[in-house]
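K.L.:
curious how this folds, go ahead:
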Amino acid sequence: MNETIANRIRGVIFGQALGDALGEGVEFLSKPQIEQYYPKGLKEPLQDLRWLRWTDDTAQMLCILDSLLSQKRVDVLNIAAHFHHWAETDGRGIGNTVYSVVHDPDFLEKPHEVAQRFWENSWRQAAANGAVMRTSALGIWEYPFPDKVKYNAEEVCKITHADPRYTLKAMGAGFWALQYAESWDDGVLKVLEEGGDADTNAAVAGALLGARFGGDRISQTWVEKLRNVGELERRAQQVIAVAQQWS
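P.N.:
Numbering: from 1, shown residues only. Model prediction:
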């Protein structure tokens, strides 16, 4: 496989996890609050952290990735089972929409129908970002085939989120960083300093920037502080091995 592609695959996986982990500490602070608490910016405070751990954003992405690696295809019911198992055994940071849908008695057999019903019962107002935040793995899977990537992402989003609008703010933050960032660190820090749903925004931006710059351009000082970093490396190597067939 082309080494550049392999590096970008690692960049997506590690970029998502690290952006997510860096954002946890400032999640839901407003931009004025961040400016007040961190007048010199977030770079130095984040560098001083002793360890980092990802949240539900990356945990669900890894559920998807594990299913893809075991089934060698997008299997909606199998991914739903992974989500349910994670929610039952861990579920740290789980959002209201995902929690409500995965705990429905019919979820394991009819996830799309359950998600649709939840959305309808919310007067079609439930449009949280819990689906977009986890889709980076689907950008890797079958990456040479854009139509398949789009279809796969929609099918997996609809496991818990039926709203067709999905999440414009988190995606907007990611695309802004993709266009204007000078480096992975620069883009993620600027997204974080805007405040709001920082871990999700940075997870999306981190994955996109990882695809752009590659895993070797992500700050290794931060990567080494990630808890369970070996889990990411193991999965990255497995995906790269499977991706040989697509190149």
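K.L.:
tell me what the helix ranked longest in the chain is packed against?
P.N.:
Scanning the chain for the helix with the most residues, using DSSP state H, yields helix 3-23. The helices and strands touching helix 3-23, judged by 3 or more CB pairs under 8 Å, 6 or more residues apart in numbering; DSSP states H and E, are helix 56-71, helix 136-140, helix 184-192, helix 198-213, helix 220-223, helix 229-243. Any C-beta I mention is one placed from the backbone N, CA and C, and that applies to glycine too.
K.L.:
return the distance of it from the chain's centre.
P.N.:
Taking CA atoms, centre = their mean, to the nearest Å, one finds the center of helix 3-23 at 10 Å from the center of the full chain.
K.L.:
so, low pLDDT: which residues of this protein?
P.N.:
1 (pLDDT under 70).
K.L.:
now with 80?
P.N.:
Within the chain, the segments meeting pLDDT under 80 span 1, 126-127, 167, 247.
K.L.:
check which element follows the host helix or strand of Asn78 along the chain.
P.N.:
Per DSSP states H and E, Asn78 falls inside helix 76-89. Using DSSP H and E, the helix or strand that follows helix 76-89 in sequence is helix 96-102.
K.L.:
export that following helix to CSV, keeping only CA atoms.
P.N.:
C-alpha atoms of helix 96-102 as CSV (Å, rounded to 0.1, in the frame of the first residue of the first chain):
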residue,chain,number,x,y,z
ASN,A,96,-29.5,11.6,25.4
THR,A,97,-30.5,10.6,21.9
VAL,A,98,-28.1,7.6,21.8
TYR,A,99,-29.1,6.5,25.3
SER,A,100,-32.8,6.6,24.5
VAL,A,101,-32.5,4.8,21.2
VAL,A,102,-30.1,2.0,22.2
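K.L.:
packing partners for it?
P.N.:
Helix 96-102 packs on helix 76-89, helix 111-121, going by 3+ CB pairs under 8 Å, 6+ apart.
K.L.:
chain center to the helix holding Asn78, what's the gap?
P.N.:
Worked out by CA atoms, centre = their mean, helix 76-89 lies 16 Å from the chain centre.
K.L.:
sorry, back to before: for the helices and strands packed on helix 96-102, which one sits closest to Gly230?
P.N.:
helix 76-89 (18.6 Å; CB to CB).
K.L.:
got the contact list for that closest one?
P.N.:
Contacts with helix 76-89, where a contact means CB atoms under 8 Å, 6 or more residues apart in numbering, come from 59-60, 63-64, 66-67, 70-71, 94, 98-99, 102-103, 107-109, 111-112, 155-156, 159-160.
K.L.:
and those residues, which of them are buried?
P.N.:
59-60, 63-64, 66-67, 94, 98, 102, 107, 111-112, 156, 159-160 (16 or more other CB atoms under 10 Å).
K.L.:
Lys225: which of the residues you listed is nearest?
P.N.:
Lys225 lies nearest to Ala59 out of the buried ones among the contacts of helix 76-89, by CB to CB, at 17.8 Å.
K.L.:
for the closest one, which residues are in contact?
P.N.:
Counted by CB under 8 Å, 6+ apart, Ala59 has contacts 86, 90, 92-93.
K.L.:
would you turn those into JSON lines with distance to Thr200 and neighbour count?
P.N.:
Output for the contacts of Ala59, formatted as JSON lines (distance: CB to CB, whole Å; neighbours: other CB atoms under 10 Å):
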{"residue": "Trp86", "distance to Thr200": "17", "neighbour count": "20"}
{"residue": "Asp90", "distance to Thr200": "18", "neighbour count": "11"}
{"residue": "Arg92", "distance to Thr200": "14", "neighbour count": "10"}
{"residue": "Gly93", "distance to Thr200": "10", "neighbour count": "17"}
